[in-house]
Every structure is written in C-alpha cells, then in structure tokens.
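> the following comprises the amino acid sequence and a computationally predicted model.
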2 protein chains.
Amino acid sequence: MAQSDTVDRILDAAEELFADRGFSETSLRMITSKAKVNLAAVNYHFGSKNALIHAVFARFLTPFSATLENAFDDLEARCDGEPPTLNQTLWALTESAVRMPQRNEKGISIFMRLLGLAYTQSQGHLRKFLEQEYSQPFSRFMRLLKEATPQLSSVDRYWRIQFMLGATAFTMSSSDALRDILQNKLGVETTVQEIAARLVPFLAAGMQADDAMLVPPAHKSSVA
Amino acid sequence: MAQSDTVDRILDAAEELFADRGFSETSLRMITSKAKVNLAAVNYHFGSKNALIHAVFARFLTPFSATLENAFDDLEARCDGEPPTLNQTLWALTESAVRMPQRNEKGISIFMRLLGLAYTQSQGHLRKFLEQEYSQPFSRFMRLLKEATPQLSSVDRYWRIQFMLGATAFTMSSSDALRDILQNKLGVETTVQEIAARLVPFLAAGMQADDAMLVPPAHKSSVA
DNA sequence: TTGCCGCTCAAACGTATGTTTCAAACAGAC
DNA sequence: GTCTGTTTGAAACATACGTTTGAGCGGCAA
C-alpha cells in the first residue's frame, strides 16, 4: 500500500514530465514535487535517476511487448504459413499500441512521445537498456517486415524502416500539439486512432515505393 | 583577427558538440575546452548559451535559406506558371541542402542532425527563434507542397506533411548512429546524399498514397 | 609615450542538480 | 506493548552548471 502508492506516484509524475520536457531537462525535484513525495524516495525505491527512467519505460513496454507478441502470433496463425503482408504487419503493431490499457486520457500519446525521445535523446544507457530488454519483439517485427518486402534490398529496407520509425515517433510524440493546431486552423477534431489510420497507408506506400529513383529527376520529369 | 578566430572556434566546437550530444547535455565548459578558449569568451562574444545556440543555427541556416529561395525561384521559373511537382519540390529542397558549402567532411550530417534536434529537443527559445527568423522559406515550401498535391484534402495533406517532417527530422537527427549501425551490420558505407536519395522517393510515395484506407483491413476488425 | 579599447584570463558567484545521511514514523509479528 | 524491518522526512553533501567579475594583456591612435 504505502510502497506501491509512492512508487506509482513517482512513475506517473516522471512519465508525464519526461514526455513533456525530455529526460535531462526534468529534475528529480520536479518529479517528486509533482508526485507529492519526498525527494529521497526516488533514490530509495529506484536507486538512481537512470534507473527511474528505465522503470518508466518498463512499466508500459513490458505489457506492450507481450500484447504485441500475441498479435504477431495471431497474425501468423491466420496467415497459415504465408508471410503476412506489410499492411497486416503494420496494423498488428498499431492496433496493439492503440489497445493498450491507458492510465489516463493522454496515455497513448505519452507512450509514443517517450518512445520518440528514447530514440532521439541519445541517452546511451537507455538505448542499451531497451535493446537488451526488448530485443525479441523488435527482431520479430523486423523479420515480418523483411518477409513482407522481399523486393527490397537489405539496405533499402533498413533505411525505409528508419523513415517509418521517424514518421511514427515524431508524429505521435507531438500529436497533442499537432491536433491542437489542426483544431484551430481547420476546425477539425482528430483522435489518435484516426492519426494511426492516416499514418499506416502513408508508411505502407513509402515502404513500397519504386526504388529506382536514386538520382534527382531530369528537370522536366515528375511523378505522374 | 583575434575576435573572429575565437568566435569561429567557439562556433565550430559548439556545432559539433551540440550535434553529438544535444543542447542541454553540452556544457559551455566542454565547448570552450574543445575550442581551446577561455570559458568567459562565450558570454563575452555571444551573451548567453541560448544566444550561442541561435548563432550556431544562424551560421548555416541563413545562407541555406537564401540558397533555398533561389532554388525555388529557379524551379518556379522553369515551370512557367504550372505548379512544380511534388518530386521537383522535394528535390529542390534536398539539393539545396546537399549543395551547401561544407566547413568540413562532416558538414552536412551535422547540419541535418542539428535541424533534427531543433525539432525534437523542445527548446522553446530555439523554436521561437527559428520560426520568426526563417518563416518565409518555410511558408513558401508549404505553399509549393499544397499546389503539388491538389488531390489531397487539407486535413490529409496536413498530416502527411507531419509524417514527412517526422521521417526527415528523425532520420537526420540520428543519421550518424544509423550509419554506424548499418556499417557494422551489413558492412555498407552510406553518405548523407544517398540517405537523401532514399528518403525523397519514400516521402513522395507516402505523400501520394491512396487515401482510401482509413480503417484496418477487413479480417477481424477489433477497434470497436 | 600615453591613453584607450577590445579582448583574454583565472577566479569566484549563485544556483541547481543527483545523491547520501540519519533520525523519525510506521507497519506487522510475536 | 515491544521489537524489527521498511518507508518517509528534512537536511546536508559534493558537484556541475551558466554567468559575472576585475585584473591584465596587446595593439593602435594621438
């Protein structure tokens, strides 16, 4: 009761502050005062700030990676030997993300923004932690992508996967701000699910673009 | 002589360190010791750390935005009234970036990584600075995108532009790391030009994807 | 030469950070 | 109630940061 309350309050506050401001821009004092918890509690329960960062990620990444494995299991079972298509694979991923139980209404966008920060703010320890902790579902996703795009060379596929990651992490990480802008400019409401629904076709199309065009087009030519 | 030497040495060191480690993770003491310059020189010549960050961006962004305006002028002149195509617009942008005179061999990737960080590390002051300093070429680019994709609804176009920005900023902001990984895994060397050459077709294809697919594929729809 | 001004330098300042300490409060078992 | 191990609390610690200070240097005009 006492422990888990404090621990969870710290995790909640840290999660939100990290997502808002980044890791090194968020101090332990901000976290503990937002969580209404004593400063020393962080080091007592987690050991260090870096370990707290890891715990924040583990709290949502561990159940998510389990959900994702199940989704991949289902998908491969349904496909019965045939490799799943690119669209199926991408949808399995996004549906797993969207279906994760949310702690609050901002849940999924915090989730996404943290993932984006993890890749972006080159915190060596975090990268190492994520790699050795969650390599399995990641590798599996990569394998599915590979089987779904046999026409691509390894190098092309590698870069296009980075492009997908970037579009996803970036968009999701600032989806709140972007949604607000859209609301103000065009008077349109948008849910995270709708953003995902727009993102997936974009990614799939990019992933499957003709890879012939490795030099700038001659000046007149254009995409039909 | 004395002044410009110190100023440039500071800018060079800051540029490289910022690109390597981010802004708040880079201290003035790291910068001045790398530049072999006294600590106080930064505040003397630039006024503050934030002003130094602005100066680093201004040094390459000002000539770049001039180059870009010229490229857009040329493009629109060549098209003679017709709106430039999406590919032409994207290539005008990337070629302007790639052709910028480089200070050293890492020039362009530092340039790219800094731009990525600018979007990613939500440093309020930087964003404000860039917006009010370089809004013109940015707006022009947006207008060209709009004219090149008349088939898209405003909302679709809005989100796809965010996807493009994300893929670009994210990839560029970690292009060094990604290049290293690729080098180790597949033993392939990659230049920034080649990354750009892979990125543009990806973006163009995503931008022009069929926008029909706004729900997951049929089998077993799960988002209730 | 003298005086001045732009610049550099070592040192210090005030503040904020992550972490540690140790006493007090607490809970549950006996 | 007493003991025991766990959790909290206020305070301090050492360190790093951005910034400021004031003395000193060097070239150059008068």
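That came in fine, so what should we check first? What you see is a predicted model, and the numbers here were worked out from it, not measured in a lab.

> does residue A:17 lie in a helix or a strand, and which?
Element membership of residue A:17 [criterion: DSSP states H and E] is helix A:2-21.

> what sits against residue A:141?
Contacts here follow Cβ atoms under 8 Å, 6 or more residues apart in numbering or on different chains; on that basis residue A:141 touches A:68, A:72, A:89, A:93. Every C-beta, even on glycine, is put in place using the N, C-alpha and C of the backbone.

> state the pair within these that is farthest apart.
The span of these, defined through Cβ to Cβ, is set by A:68 and A:89 at 11.0 Å.

> ok, and what's touching stretch A:196-212?
A:86-87, A:90-91, A:94, A:97-98, A:145, A:149, A:152-153, A:156, A:160, A:163-164, A:167-168, A:171, B:156, B:159-160, B:163, B:167, B:198, B:201-211, B:213-216.

> could I get the buried residue list for that stretch?
By 16 or more other Cβ atoms under 10 Å in any protein chain shown, the buried positions in stretch A:196-212 come out as A:196-209, A:211.

> quick revisit: okay, and which of the contacts of stretch A:196-212 map to helices?
Judged by DSSP state H, the subset of the contacts of stretch A:196-212 located in helices is A:86-87, A:90-91, A:94, A:97-98, A:145, A:156, A:160, A:163-164, A:167-168, A:171, B:156, B:159-160, B:163, B:167, B:198, B:201-207.

> number of nearby residues for residue A:40?
10 (other Cβ atoms under 10 Å in any protein chain shown).

> now it: how far from residue A:27?
14 Å (Cβ to Cβ, to the nearest Å).

> number of residues surrounding residue A:77?
9.

> gap between it and residue A:98?
In terms of Cβ to Cβ, residue A:77 sits 21 Å off from residue A:98.

> got it, and residue A:24?
Separation of residue A:24 from residue A:98 (Cβ to Cβ): 30 Å.

> so how far is the helix ranked longest in chain A from its chain's centroid?
Scanning chain A for the longest helix, with DSSP H as the assignment, gives helix A:49-79. Here helix A:49-79 shows a centroid-to-chain-centroid distance of 11 Å under the convention Cα atoms, centre = their mean, to the nearest Å.

> that helix near chain B anywhere?
Yes. Against chain B, helix A:49-79 shows contacts by Cβ under 8 Å from any Cβ of the partner chain at residue A:78.

> list the buried residues in that helix.
Buried residues in helix A:49-79, counted by 16+ other Cβ under 10 Å: A:49, A:52-61, A:64-65, A:67-68, A:71-72, A:75-76.

> equivalent analysis for stretch A:34-44, please.
By 16+ other Cβ under 10 Å, the buried positions in stretch A:34-44 come out as A:34-35, A:37, A:41-42.

> with stretch A:95-109 instead?
By neighbour count with 16+ other Cβ under 10 Å, stretch A:95-109 contains the buried residues A:95-98, A:100, A:103, A:106, A:108-109.

> flag every residue of chain A that's near DNA strand D.
Chain A has residues A:2-3, A:5-6, A:37-41, A:44-45 near DNA strand D, with proximity defined as Cβ under 7 Å from any atom of the strand.

> and these, which is closest to DNA strand C?
Using Cβ to the nearest atom of the strand, residue A:40 is the member of the residues of chain A next to DNA strand D that lies nearest DNA strand C, at 3.7 Å.

> and that closest one, how far is that from residue B:13?
38 Å.

> could you do residue A:167 as well?
For residue A:167, the distance to residue B:13 (Cβ to Cβ) stands at 33 Å.

> more neighbours: those two, which one.
residue A:167 (28 against 21).

> pretty sure that one sits against residue B:161.
No. Residue A:167 lies out of contact with residue B:161 (Cβ atoms under 8 Å); the separation is 10.8 Å.

> in chain A, which ranges drop under the pLDDT threshold?
Applying pLDDT under 70 to chain A flags the ranges A:1-4, A:104-106, A:122, A:173-179, A:182, A:211-224.

> would you mind listing what in it touches DNA strand C?
For chain A, the residues in contact with DNA strand C (Cβ under 7 Å from any atom of the strand) are A:2, A:26-30, A:39-40, A:42-44, A:48-50.

> is it possible to export these to JSON lines including secondary structure?
Below are the residues of chain A next to DNA strand C laid out as JSON lines (DSSP: H, G, I helix; E, B strand; the rest coil):
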{"residue": "A:2", "secondary structure": "helix"}
{"residue": "A:26", "secondary structure": "coil"}
{"residue": "A:27", "secondary structure": "coil"}
{"residue": "A:28", "secondary structure": "helix"}
{"residue": "A:29", "secondary structure": "helix"}
{"residue": "A:30", "secondary structure": "helix"}
{"residue": "A:39", "secondary structure": "coil"}
{"residue": "A:40", "secondary structure": "helix"}
{"residue": "A:42", "secondary structure": "helix"}
{"residue": "A:43", "secondary structure": "helix"}
{"residue": "A:44", "secondary structure": "helix"}
{"residue": "A:48", "secondary structure": "coil"}
{"residue": "A:49", "secondary structure": "helix"}
{"residue": "A:50", "secondary structure": "helix"}
